[in-house]
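Peer 1: Quick one, what's the 3D model for this:
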Amino acid sequence: MEKPIVTFAGWGNYTIAFKSLLEGVGLEVIPPAKTNSKTIAEGAKMAPEMFCFPMKVTIGNYMPALRKGANTIFMTENVGGSCRQRYYGAIQEKVLKDNGWEINFVNLKVSPRQLYSKIKEISKASFWQMLRAIRFFFKKLILIERIEKMAQYYRPREVEKGTTDKLLFWFFLKLEELNKEKYFSGLKKEVLKRFSRIKIDKNKVLPKVALIGEIYTVTDSTINFEVEKKLGNEGMEVHREMELSYHLKKVIFPWKDWLIQRKINPYLKSTVGGHGRDAVYEMLHYVKKDFNGVVHLLPFGCMPEVTVRPILEKIHQESGIPFLSLSLDEQVAEAGINTRIEAFVDVVINHFKNKKT
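Peer 2: Model (predicted):
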């Protein structure tokens, strides 16, 4: 059997943690290319026209790794629900084979047991090696999300503009290079120390804006044209609950969906797949917390998010909270996104000032 040289579907800063996990079990890894206009165009050209934008992006991100010699792709699928992501593995495998690539496609279901058995089968890693790799993965995952949250707080308050983003660039570069767990605590202490040195206006009271929607478009800044960063630079304190750890908790503790359903029953009485119910739940939560705006991010044509968008509009009309829904695909231009964000920021500021008076 040919030695597996693996790549996988990239996902924003989480790509660093997934690369660490696969390398930790002894696999040779060629990471996916970072998303850019070239990879998006290539993926969109190869993928079925009306399929999801994230699937097109991930196909495009595979290609540079395949040209460098990767012969195995790890793809995590959704085992149920109405989201088309449950078909990504099968569709991507067919697309690549139709384009002349004979790749070993490893479909990983969203089940801890199946995830473990599949990786073990390919890597031949021992139980203890797997355990160490998984522990290191979660350490990196938790720190990534913590640092991103700190940036959301610091960015709109920093005295010298751009300081937070320079620190983020340095941190994610160092985290990607870090391949031994014994050096992890040192990097963690260093990045927290550097954050504490950033000069900020602690007394600044800022408008609060939430990001909700489909998990990939919400958490991957290269897909959403850095909406989070742009809002922060406009003086908005950005919050988002939709993260990978949030999704993993729902997989591990399935009753969370039942609790969410109870909260949203007046607006939606059944599942719609994907993160549709989560979007409704989160918007209701942010209205209750007296936020000043909500941005809804979704791939163009995403059925769960398109289904709940009228509900989100209804909540917006009932509460008066400023609301912006952005559909993203390969046709969307950054200039158009910027124009809509600028107009939204003006509405948020007016809403914020009116509440203060």
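Peer 1: State the mean pLDDT of stretch 7-27.
Peer 2: For stretch 7-27, mean pLDDT rounds to 92.
Peer 1: Check which residues of that stretch are buried.
Peer 2: Of the residues in stretch 7-27, those buried by neighbour count under the rule 16 or more other C-beta atoms under 10 Å are 7-25, 27. Where C-beta positions appear, they are placed from N, C-alpha and C, glycine not excepted.
Peer 1: so where's the stretch 251-357 of the chain shaky on pLDDT?
Peer 2: Counting by pLDDT under 70, the stretch 251-357 of the chain has low-confidence residues at 356-357.
Peer 1: how about 90 then?
Peer 2: By pLDDT under 90, the low-scoring segments of the stretch 251-357 of the chain are 251-260, 269-276, 300-307, 329-333, 353-357.
Peer 1: Can you show me the strands along it?
Peer 2: Using DSSP state E, counting those that start in this stretch, the strands found in the stretch 251-357 of the chain span residues 293-299, 323-328.
Peer 1: So which of the ones you listed is nearest Glu160?
Peer 2: Among these, the nearest to Glu160 by C-beta to C-beta is strand 293-299 (25.8 Å).
Peer 1: Distance-wise, check the residue nearest the centre of the chain relative to His316.
Peer 2: With distances taken as C-alpha atoms, centre = their mean, the residue of the chain nearest its centroid is Thr219 (2.6 Å). Plainly put, Thr219 is 23 Å away from His316 if you go by C-beta to C-beta, to the nearest Å.
Peer 1: got the domain boundaries for this structure?
Peer 2: As recorded under automatic domain parsing, the domains making up the chain are 5-125, 139-203, 205-357.
Peer 1: got the end-to-end distance for the shortest one?
Peer 2: When you say that, I think you mean domain 139-203. With C-alpha to C-alpha, to the nearest Å as the measure, domain 139-203 spans 32 Å from end to end.
Peer 1: and it, how far from the chain's centre?
Peer 2: When distances are taken as C-alpha atoms, centre = their mean, to the nearest Å, domain 139-203 is centred 18 Å away from the chain's centroid.
Peer 1: Could you do the longest one as well?
Peer 2: From the chain centre to the centre of domain 205-357 is a distance of 13 Å (C-alpha atoms, centre = their mean).
Peer 1: switch to numbering from 261
Peer 2: Noted, 261 is the first residue going forward, which turns the last one into domain 465-617.
Peer 1: hmm, back to that, quick one, which of the strands of the stretch 511-617 of the chain is nearest to Arg569?
Peer 2: The nearest among these, by C-beta to C-beta, is strand 583-588 at 5.8 Å.
Peer 1: hang on, the earlier thing: where strands are concerned, which of the buried residues of stretch 267-287 count?
Peer 2: The members of the buried residues of stretch 267-287 that map onto strands under DSSP state E are Thr267, Phe268.
Peer 1: returning to what we had before: among the strands of the stretch 511-617 of the chain, show me which one is buried the most.
Peer 2: Counting by mean count of other C-beta atoms under 10 Å, strand 553-559 has the highest mean neighbour count of these, with a mean of 27.
Peer 1: quick one, that one and strand 583-588 angle?
Peer 2: Counting by axes from the mean of the first three to the mean of the last three C-alpha atoms, to 10 degrees, strand 553-559 lies at 20 degrees to strand 583-588.
Peer 1: any idea which element Val498 lies in?
Peer 2: For Val498, the host element (DSSP states H and E) is strand 497-499.
Peer 1: scratch that, Phe429 is what I was asking about
Peer 2: Per DSSP H and E: helix 423-437 holds Phe429.
Peer 1: buried ones in that helix?
Peer 2: For helix 423-437, the neighbour count (16+ other C-beta under 10 Å) marks Thr423, Thr424, Asp425, Leu427, Leu428, Phe431, Phe432, Leu435, Glu436 as buried.
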